[in-house]
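1. Got a predicted structure plus its sequence, pasted below:
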Amino acid sequence: MDEITIIDRINRAFAWIGIVIAFGFFLFLMPQTFLSAHSISHISPAYYYLYGRVSTIDVYIILIISIILIFASLSTIFLKLNISSSFDADINKNFYIFFSVYIMILMFSSLIIETIYPKISSSAVYKYRFGVQNFIFSVSSVFQIIFLEIIPVSIILIIYMIISKKLSVNSFLFPYKNVKPLIPVIMIIAAGISVFITNYNIYETTLIYINTLILTYIYLRFGMLRALLVSFTSSGLELAESFFGSNHVISYIIAFFLLIWAFLGLYSITMLYAKTIEERNKKMAEENSRNGNDKNIDAENNTINNINENPQNAEILRRLNSMNPEKLWVRSACSNCGGVEFKINDDFSLECVKCGNVIPADADGPYNIVINQYGNVKR
């Protein structure tokens, strides 16, 4: 088992623990959430990326839609189907590594911004009852993906595919290979749209921008439902921290778990980058070797053509092939003038090109000149 496989399994274990915690609190608090529908209708919809006022019926509809999409995202880790990127096992081979990378970036950026702007950690969301918090965290994770990822990115994908004449259902459901060169551009555009829509202060905007960048990449590479699973899990862990806020022991355990997961993400992306560089160098070496072999084949073909045109060369080749390779080694220089260029005579003796001195075929000397099988003398 190689190191990448071991790291992937550790990442998978941490992700599963995070998913279980997130879904556990989501289901545990769901009865309270349904009972709090009236209270939820009176809070600002901006908490979950909506505007205007919502009624109690609207709250139930929004909650049911969110539950369906959240469980659909969970199904991607159980179902292996070739219907979209989210369900394709081969495409999602490195999903858990990027999950850890997302946690790493989100956690480290949050710590940095909280150090600069401590007020960001005291969100007004935490003043509500846990049933209301459950609604805000779960619905916001769903609507964030819908309004900041799915809608803008889908529009960009459709426009690009129409222009490039690659528009098809399959290309849309498996976008990574089709838009791979444009992924950084799409990430920046989607993150810019998220900043424009939310319109928060500079610190919250920075977090949303970073969050949207990474989720857009996960959406394009692993599918929209996988991006939703990542977003929901991170929101669920935030809810868990809020739930155990008064219990310092459990709060520290959750914080330590996230810290280890973050460093695991840092180590994983370093390893993945090193592996990518190694594979790229290996591929280049194979291509260079293949190109070199092609050149050697061309040279041999040219030599064979020359031999066919000159019977004397054919005789030399026949005699060379019939001899022991060790006997093809000759003295390194002419004993008369020191020249190193020779002409091969019919009796296989060597005639110095510089002074005409003839070296017998059975002469020996230092072993730093060899004759290749086509009669050329090399130093």
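-> Thanks, I have the structure now.
2. low-confidence ranges in the stretch 101-250 of the chain?
-> With pLDDT under 70 as the threshold, the stretch 101-250 of the chain has low-confidence stretches at 121-122, 199.
3. Please enumerate the helices of it.
-> Taking DSSP state H, counting those that start in this stretch as the test, the helices found in the stretch 101-250 of the chain are 130-145, 151-163, 169-173, 176-179, 183-198, 202-222, 224-243, 248-309.
4. Name the residues of the third one that come out as buried.
-> I take that to be helix 169-173. Neighbour-count burial for helix 169-173, with 16 or more other Cβ atoms under 10 Å as criterion, is recorded at Ser171, Leu173. Placement of C-beta: from N, CA and C, glycine included.
5. same thing with the fifth one?
-> Along helix 183-198, these residues count as buried under the neighbour rule (16+ other Cβ under 10 Å): Ile186, Met187, Ile189, Ala190, Ala191, Ile193, Ser194, Val195, Thr198.
6. ok, so what distance separates the residue nearest to the first one when sequence neighbours are not counted from Thr216?
-> Put plainly, it is Ile186. Take Ile186 and drop its neighbours on the chain: the residue closest to it by Cβ to Cβ, 6 or more residues apart in numbering is Ile156, 5.4 Å away. Using Cβ to Cβ, to the nearest Å, Ile156 is found at 10 Å from Thr216.
7. Same check on Ile77?
-> Distance, Ile77 to Thr216, using Cβ to Cβ: 21 Å.
8. Among these two, which residue is more densely surrounded?
-> Shown here are Ile77 and Thr216; by other Cβ atoms under 10 Å, Thr216 has more neighbours (25 against 19).
9. What are the contacting residues of stretch 35-44?
-> Surrounding stretch 35-44, the residues in contact under the criterion Cβ atoms under 8 Å, 6 or more residues apart in numbering are 33, 53-56, 58-60, 63, 128-129, 131-132, 135-136.
10. returning to that earlier point: what is in contact with Ile156 and Thr216 at once?
-> Residues touching both Ile156 and Thr216 by Cβ under 8 Å, 6+ apart: Ile186, Ala190.
11. on that earlier part again, closest one of the buried residues of helix 183-198 to Ile70?
-> Nearest to Ile70 among these is Ser194, at 20.4 Å by Cβ to Cβ.
12. And the furthest pair within the buried residues of helix 183-198?
-> Ile186 and Thr198 (18.7 Å).
13. circling back to that earlier point, of the contacts of stretch 35-44, select the buried ones using a PyMOL command.
-> The buried subset of these, as determined by 16+ other Cβ under 10 Å, is captured in PyMOL by this line:
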select buried, resi 33+54+58+59+63+128+131+132+135+136
